[in-house]
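Undergrad: Curious how this folds, go ahead:
(chains A and B)
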Amino acid sequence: GAGVSQSPSNKVTEKGKDVELRCDPISGHTALYWYRQSLGQGLEFLIYFQGNSAPDKSGLPSDRFSAERTGGSVSTLTIQRTQQEDSAVYLCASSPAPGTKAQYFGPGTRLLVL
Amino acid sequence: AQSVTQPDIHITVSEGASLELRCNYSYGATPYLFWYVQSPGQGLQLLLKYFSGDTLVQGIKGFEAEFKRSQSSFNLRKPSVHWSDAAEYFCAVAAASGGSYIPTFGRGTSLIVHP
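TA: The predicted structure follows:
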């Protein structure tokens, strides 16, 4: 079956511009996560959606970052007024119903802010 | 708070040699433990996971890991490494209970395989 997909695969933008990154989770997965992976670093948790519950935004690094998940499926991560330090790979993962715990990752979006 | 330490940033092995990647975790109760692999330009793929029961867990691609509670470790092993195993490996820990589940990842170990 189809896995988690992300678009675009690569994004180059200028400092100060806004960007939107999209994630299509595996159909039926109720949990969705966004992570940021900087060069040589591990995964930095950003935000977590579970069903219709309020998202856990505790990992968002600043108010320039926001995310939404429409209809319990597709999610969009928005970065406003991008900065060079936002350059990273943004990974999305989804998980089946609560309790299974394992995550299925998309290929990521590589963001470069010039 | 939970945390994960992968002490080795890089590991170099020869093809056909055995492999052990170290992972130490910190968590106040029984954790859920995972190993993921990330090939260049790809997302992470789950290799194996430990939830409960047998402390020796078998995964895909010939990998296994052993949960040692006394040492707070969950080391990944493979008896004979293939060149295609060259990748980044991440250990992760998560709470074993609670509805809000956010795993913590280690910083990763880069595996280099020499022919």
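Undergrad: switch to C-alpha atoms for all contacts and neighbour counts from now on
TA: Noted.
Undergrad: Enumerate the residues of chain A near chain B.
TA: Counting by Cα under 8 Å from any Cα of the partner chain, the residues of chain A close to chain B are A:40-45, A:48, A:91, A:98-99, A:101-108.
Undergrad: Just the ones in strands from those, please.
TA: A:43-45, A:48, A:91, A:104-105 (DSSP state E).
Undergrad: Now for those residues: which two are most distant?
TA: A:E44 and A:Y104 (16.0 Å; Cα to Cα).
Undergrad: Show me the residue sitting in the middle of chain B in space.
TA: B:W35 (3.3 Å; Cα atoms, centre = their mean).
Undergrad: For that residue, which non-adjacent residue is closest in space?
TA: Distances taken as Cα to Cα, 6 or more residues apart in numbering or on different chains place B:C91 nearest to B:W35, at 4.6 Å, with adjacent residues excluded.
Undergrad: Next, the contact list for that neighbour, please.
TA: Applying Cα atoms under 8 Å, 6 or more residues apart in numbering or on different chains to B:C91 gives the contacts B:4, B:6, B:23, B:33-36, B:105-106, B:108.
Undergrad: Repeat the analysis, applying 7 Å as the threshold.
TA: Applying Cα atoms under 7 Å, 6 or more residues apart in numbering or on different chains, we find B:C91 in contact with B:23, B:34-36, B:105-106, B:108.
Undergrad: so where do the strands sit in chain A?
TA: In chain A, the strands defined using DSSP E lie at A:5-7, A:10-13, A:19-24, A:31-37, A:43-50, A:65-69, A:75-79, A:88-95, A:104-105, A:109-113.
Undergrad: Please produce TSV containing those strands, extended by mean neighbour count and mean pLDDT.
TA: Listed next are these as TSV, based on neighbours: other Cα atoms under 10 Å in any protein chain shown; pLDDT from 0 to 100:
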stretch	mean neighbour count	mean pLDDT
strand A:5-7	21	97
strand A:10-13	14	97
strand A:19-24	21	97
strand A:31-37	24	94
strand A:43-50	23	92
strand A:65-69	19	96
strand A:75-79	20	98
strand A:88-95	26	94
strand A:104-105	24	93
strand A:109-113	21	96
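Undergrad: Just tell me which of the ones you listed ends up closest to B:Y27.
TA: With Cα to Cα, the closest approach to B:Y27 among the strands of chain A belongs to strand A:43-50: 17.6 Å.
Undergrad: name the helices or strands packed onto the closest one?
TA: strand A:31-37 (3 or more Cα pairs under 7 Å, 6 or more residues apart in numbering or on different chains; DSSP states H and E).
Undergrad: Pull the residues that contact stretch B:50-65.
TA: Contacts of stretch B:50-65 (Cα under 7 Å, 6+ apart): B:32-34, B:47-48, B:66-67, B:74-78.
Undergrad: what do you get for stretch A:57-71?
TA: The contact list for stretch A:57-71, computed with Cα under 7 Å, 6+ apart, reads A:45-48, A:75-81.
Undergrad: and those, which two are the farthest apart?
TA: Longest span within these, Cα to Cα: A:Y48 and A:R81, 22.4 Å.
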